[in-house]
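Enquirer: Sequence and predicted model, in that order:
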Amino acid sequence: MRKLQKCSLLIQSFILLFSLSACQPSPIPADELAEANQLYEQEDYPSAIEIYQTLTIQGVDDGLVYYNLGNAYYKNDQLGQAILNYRRAERRMPRDADVKTNLAVAKGQCQDQLEAEQSLGSFFSAVFAGWLSLSESLIILLIIWTMLCLVLILFLLSKSQSGILRIFLIIISLVFIFALTSTTILSFERLAKPAAIVLASEVEVKSGPAEDYVTEFKLHSGTEVQMIEQQNGWSRIQISGDLQGWLPTETIEIIFMGE
Amino acid sequence: MKRFIKTRVKFPKILLLSSVIALLLLMMTPVHIQASLSLNPITNTTKQSQNRLSDLSPAQDEINFTAQVDRQTVYLGERITLTLILIGTSKSINSPDIRTIEGFSVTSSGRSSQLSFVNGKKSSQVIFTYILQPTHSGTITIPPISIRVDGNWLETQALEIEVLPAVEADESAAPSDIPSELNEKGLFVEAELSNPSPYLGEQTNYIFRLYQAVQLNGRPELIMPDFVGFLAYDLSPNKQYNLELGNVTYLVTEVRKALFPTQTGNHEIQPSSLIIPGDFFSSGIELQTESVSMDVQPLPGDAPAAFTGAVGQFELQSELSPLDINTGEPLTYKLTINGTGNLDTVPDATETLAENLSDWRIYDSSIDSQIQQSGEQISGKKIIERLLVPQKEGTFEIPPVELVFFNPQSELYQTVKTKAHQVNVLPASENTGAGSLLEGNKVIRLDSDIRHIKPAPSVLHQNKKAIWQMPAYWIAWLIPALLLAAAIVLRNRRLHLSNNLAQMRSLQARKKAFEGIKKARRLSKKSEQKTASQDEIYNIAAQTLHQYLADKLDLHAASLTMLLVRSILEDNSANPDAIERTLNALQWADMGRFAPIASGRNAEELLDDIQNIINDLEEELK
């Protein structure tokens, strides 16, 4: 038993260390952001956009900057860019109501109104993406895994394998399986088919990766697509349902390059 | 032992059960006791109350003396009935003093009394009836009338009667030809129409009258004809009044029906009959009226195009709410049609709204009709409600709604209109969406915009690696897994050991032996001078070595002999040198035990030797 306590102490200290290293803030002074906000207030949206953009290029990774950038694009009538940046802000601040509201307003003004896709992946996206970021769900999964292991160890080493411990073990196993499945599906969805936003005001979607193929349909700025593959400056994309086609890669932008 | 414990466990259960039962019994018994105790007082009180009841004289009971008249407005020449009701007693009643009544000629019409027992209580009622005929017109007051009951004087309230000058019309309404035979019996009926030549749809009243100068036995039954070609409504209540014809005063009962003709032309209304049941002495009588005829006139031909058959006199009123609304939300248009005439023929005037408001969604109307009777006229209210849903924003005018009807009084077609309404339709609110039919007060969203930017915080987060790009994250996954693996190994080892005692003995043999050597060393240090304790040291050393070998070879320590040790060690293919040393040590220890002085060697040396042997054997006997 004393051995077990030692073990759990070790794990706890490790988690603490790990979370400290994960959360360590690298402060960047927010003076430039304040300046951009001021330009926004003065309705000088292009200048504000420029500063916000510079900040993101400089390596600022804050949902707030993307949110303000989205607002500036929206006010500057660049719907596609606005939605792109709201989506980026959403991934960083998944529980922020302002981001959600503005994203909904902007999406409501898209010319292409797509029906929500009904797949297992989209179900988990709906459940988790609106609530947890991928990083958060990975941390939660790790915590559940650690708990599962601890309970299993207790179960294996205890002389009387009590019923309560057994029930607890079953529950935590089920929770773990669910969390593992959903996180896997979610991350697969994001990694295999990265989401992108159409930035061009109108783009023809061709049946193949060249200009001389048949135009199958047209998309307009702000529409969210899933990129399947890339080839010679053309991207194969998919939108809800079975609609697929090729469009020039420069007309769209992937929301998360890192994923 | 186990069984005994079981019974001990059961015992408290039985104890618990029995204690619960006992508790219940305890709780119930006081109730019984109380009930039996309280029986006597209850009977006592009943007796007392009975006594008190019989003590009460009727005079102390509530005695009520009231006056009633059948109507308070009367024409000169007609009669009214004054009823004086005395409730509460039946003995020693004098007739009321009616000499105080002035302005009427008073005739007594009798006295009746009723006695009833309700719940063992006696109640009585004495009714005095008088016929009063006013002697002059104007307002005449019947003063309070007093009566003497058991020596006490009781008074009624005063009543005011309005006497109107005599009207000729009433006399003319009376039938001119009274069938002589019936008249002799003091009983006849007649039927009459208030308007024998109405317009189509105009109200006409059918009036049945029973004239009676005698009391009727039982309850007469009236059978009215089927009013074919009419819509008929009862006009209630039945009227009753006194009428003097010739020298006889009749009690007249009027039963009326409102008729709305639905067909033009001549209609013959069949006679009504009244069946008066007979009694023991006489057979029943059936009285029949004459049949009456009605000539229904068609409506004048100059009807406007919008006329759909409404006859009567109507007013229109419209209400619209709310006047400011979001696109897609409903407005309620309420049209109230009020007036006299047959409301069933009044059309749904809001139907024209659908034609005039092409951009609106208009729902089916709900119609609520309330038919009333005002005097002799059928009137009522028809409330038509429609939901109107604007589909576009802007300012709209809801056009007036009109109703065309024929007014039989003026014999003209008339048109009534509601006013027009202005509606301000705002853009659709975001939350409700188009087509929602929610009502109630809510915040109206005039316009929508994105939410404002967020203020700059003191510091911003810098780009950092995603969590799945950090090795630490994946190492963190490994740690619990490794711990789990260690736990599994530990558990398996434990299981294995507990299943294999021999191996456990073998594994723990060296540990045990070293403990023995340690003990021997402690002893030798303690007693360096005393020879006696040297025995003990050798003894322990020998035992330790024996026990070690027994543990290692899975044998009993007592059964070990030199020969056996040699053969088993050889079987285990141990080093011959090690075997030799082991046997020497065993011999030495035995010698030390039995001839310590002869040995000439130090016990400490022996212990070192044994320790070395054990270490070597541990390697050999794996």
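Expert: Yep, that arrived. No experiment lies behind these values; they were computed from the predicted model shown.

Enquirer: rest of the way, CA atoms for contacts and neighbours
Expert: Fine.

Enquirer: can you pull the contacts of residue B:206?
Expert: By C-alpha atoms under 8 Å, 6 or more residues apart in numbering or on different chains, the contact set of residue B:206 is B:191-194, B:256-259.

Enquirer: now residue A:169
Expert: For residue A:169, the contact set (C-alpha under 8 Å, 6+ apart) comprises A:148, A:151-152.

Enquirer: Please identify the buried residues of the helix or strand where it lies?
Expert: Assigned by DSSP states H and E, residue A:169 belongs to helix A:163-192. Buried residues in helix A:163-192, defined by neighbour count with 16 or more other C-alpha atoms under 10 Å in any protein chain shown: A:165, A:169, A:172-173, A:175-176, A:179-180, A:182-183, A:185-187, A:189-190.

Enquirer: what's the answer for stretch A:195-214, then?
Expert: For stretch A:195-214, the neighbour count (16+ other C-alpha under 10 Å) marks A:195-200, A:203-209 as buried.

Enquirer: again, but for stretch B:63-77
Expert: Quick answer for stretch B:63-77 (16+ other C-alpha under 10 Å): B:65-69, B:74-77.

Enquirer: now swap in stretch B:361-375 and tell me
Expert: Across stretch B:361-375, burial judged by 16+ other C-alpha under 10 Å covers B:362, B:365, B:371.

Enquirer: so of those residues, which ones are in strands?
Expert: Among the buried residues of stretch B:361-375, DSSP state E puts B:362, B:371 in strands.

Enquirer: quick check, nearest of the buried residues of stretch B:361-375 to chain A?
Expert: residue B:362 (28.3 Å; C-alpha to the nearest C-alpha).

Enquirer: So which of the buried residues of stretch B:63-77 sits lowest on pLDDT?
Expert: Among the buried residues of stretch B:63-77, residue B:77 carries the lowest pLDDT, at 72.

Enquirer: And what about that one, helix, strand or coil?
Expert: Here residue B:77 is recorded as coil under DSSP: H, G, I helix; E, B strand; the rest coil.

Enquirer: Over to the one 4 residues further on?
Expert: Taking three-state DSSP as the rule, one finds residue B:81 in the strand state.

Enquirer: Likewise for residue B:454?
Expert: Following three-state DSSP, residue B:454 is assigned to coil.

Enquirer: Quick check, it in contact with residue A:64.
Expert: Yes - between residue B:454 and residue A:64 there is a contact at 6.7 Å, judged by C-alpha atoms under 8 Å.

Enquirer: more neighbours, these two?
Expert: Neighbour comparison, residue B:454 and residue A:64: the larger count goes to residue A:64, with 25 against 14 (by other C-alpha atoms under 10 Å in any protein chain shown).

Enquirer: quick check, the more buried one in a strand?
Expert: No - per three-state DSSP, residue A:64 lies outside any strand segment and is helix.

Enquirer: and it, what is it in contact with?
Expert: The contact partners of residue A:64, taken as C-alpha under 8 Å, 6+ apart, are A:89, B:454.

Enquirer: okay, residue B:323: pLDDT?
Expert: Residue B:323 carries a pLDDT score of 80 in this model.

Enquirer: Return the residues in contact with the closest residue to it other than its chain neighbours.
Expert: Sequence neighbours aside, residue B:423 is the residue nearest to residue B:323 in space, at 4.9 Å (criterion: C-alpha to C-alpha, 6 or more residues apart in numbering or on different chains). Neighbouring residues of residue B:423 by C-alpha under 8 Å, 6+ apart: B:323-325, B:395-398.

Enquirer: what about 10 Å?
Expert: B:320-325, B:331, B:390, B:393-398 (C-alpha atoms under 10 Å, 6 or more residues apart in numbering or on different chains).

Enquirer: out of those, which are buried?
Expert: The neighbour-count test (16+ other C-alpha under 10 Å) marks B:320, B:325, B:331, B:390, B:393, B:398 as buried among the contacts of residue B:423.

Enquirer: Can you pick out the most distant pair from those?
Expert: Greatest spacing in these, by C-alpha to C-alpha: B:320 and B:393 (17.2 Å).

Enquirer: What's the mean pLDDT across stretch A:172-180?
Expert: The average pLDDT within stretch A:172-180 is 91.

Enquirer: correction: stretch B:335-347
Expert: For stretch B:335-347, mean pLDDT is 83.

Enquirer: which residues sit in contact with residue 137?
Expert: Using chain A here. A:128-129, A:131, A:143, A:179-180, A:182-183, A:186-187.

Enquirer: Correction: the question concerned chain B.
Expert: Counting by C-alpha under 10 Å, 6+ apart, residue B:137 touches B:74-77, B:103, B:161-166.

Enquirer: Check the offset of stretch B:226-234 from the chain's centre.
Expert: Remark: stretch B:226-234 is offset 43 Å from the chain centroid, using C-alpha atoms, centre = their mean, to the nearest Å.

Enquirer: tell me how far the ends of it are from each other?
Expert: 13 Å (C-alpha to C-alpha, to the nearest Å).

Enquirer: Residues in contact with it: which ones?
Expert: Stretch B:226-234 has contacts (C-alpha under 10 Å, 6+ apart) with B:200-201, B:203-206, B:255-264, B:267-272, B:342, B:344, B:371, B:373, B:378.

Enquirer: how far away is residue B:587 from chain A?
Expert: According to C-alpha to the nearest C-alpha, to the nearest Å, residue B:587 stands 44 Å off from chain A.

Enquirer: secondary structure element for that residue?
Expert: helix B:576-594.

Enquirer: Local confidence estimate at residue 22?
Expert: The chain I'm using is chain A. You'll see residue A:22 listed with a pLDDT of 49.

Enquirer: if you could check chain B rather than the one you did, that'd help
Expert: Per the predicted model, pLDDT is 52 at residue B:22.

Enquirer: go on, residue B:390?
Expert: pLDDT, residue B:390: 82.

Enquirer: Once you drop chain neighbours, what's closest to it?
Expert: That would be residue B:360: by C-alpha to C-alpha, 6+ apart, it lies 4.7 Å from residue B:390.

Enquirer: I figured that neighbour hits residue B:425, correct?
Expert: No - assessed by C-alpha atoms under 10 Å, residue B:360 is found out of contact with residue B:425, at 11.2 Å.

Enquirer: Report the set of residues contacting both of the two.
Expert: B:327-328, B:389-392.

Enquirer: Of these, which pair is most distant in space?
Expert: B:389 and B:392 (9.2 Å).

Enquirer: For those two, work out which one has more neighbours and name it.
Expert: Legend: neighbour count by other C-alpha under 10 Å for residue B:389 and residue B:392, higher for residue B:389 (24 against 16).

Enquirer: Got the phi and psi for the more buried one?
Expert: Backbone torsions of residue B:389, given as degrees, to the nearest 10, read phi -120, psi 110.

Enquirer: residues near the nearest residue in space to it that is not next to it in sequence, how many?
Expert: Among residues not flanking residue B:389 along the chain, residue B:330 sits closest, at 4.5 Å (C-alpha to C-alpha, 6+ apart). Close neighbours of residue B:330, defined as other C-alpha under 10 Å, add up to 25.

Enquirer: before we move on, what about the one 10 residues further on?
Expert: Number of residues near residue B:340 (other C-alpha under 10 Å) recorded here: 22.

Enquirer: correct me, but it touches residue B:373?
Expert: Yes - the criterion here is C-alpha under 10 Å, and residue B:340 meets it with residue B:373 at 9.0 Å.

Enquirer: what touches both of these two?
Expert: B:379-380.

Enquirer: In strands, which of the shared contacts of residue B:360 and residue B:425 fall?
Expert: Counted as lying in strands by DSSP E, out of the shared contacts of residue B:360 and residue B:425, are B:389-390.

Enquirer: Which single one of the shared contacts of residue B:360 and residue B:425 is nearest to residue B:498?
Expert: residue B:328 (80.1 Å).

Enquirer: Find the nearest non-adjacent residue to the one residue in the stretch 301-450 of chain B that gets nearest to chain A, please.
Expert: Minimum separation of the stretch 301-450 of chain B from chain A (C-alpha to the nearest C-alpha) falls at residue B:450, amounting to 5.1 Å. In space, and not counting its chain neighbours, residue B:450 is closest to residue A:102: 5.1 Å by C-alpha to C-alpha, 6+ apart.
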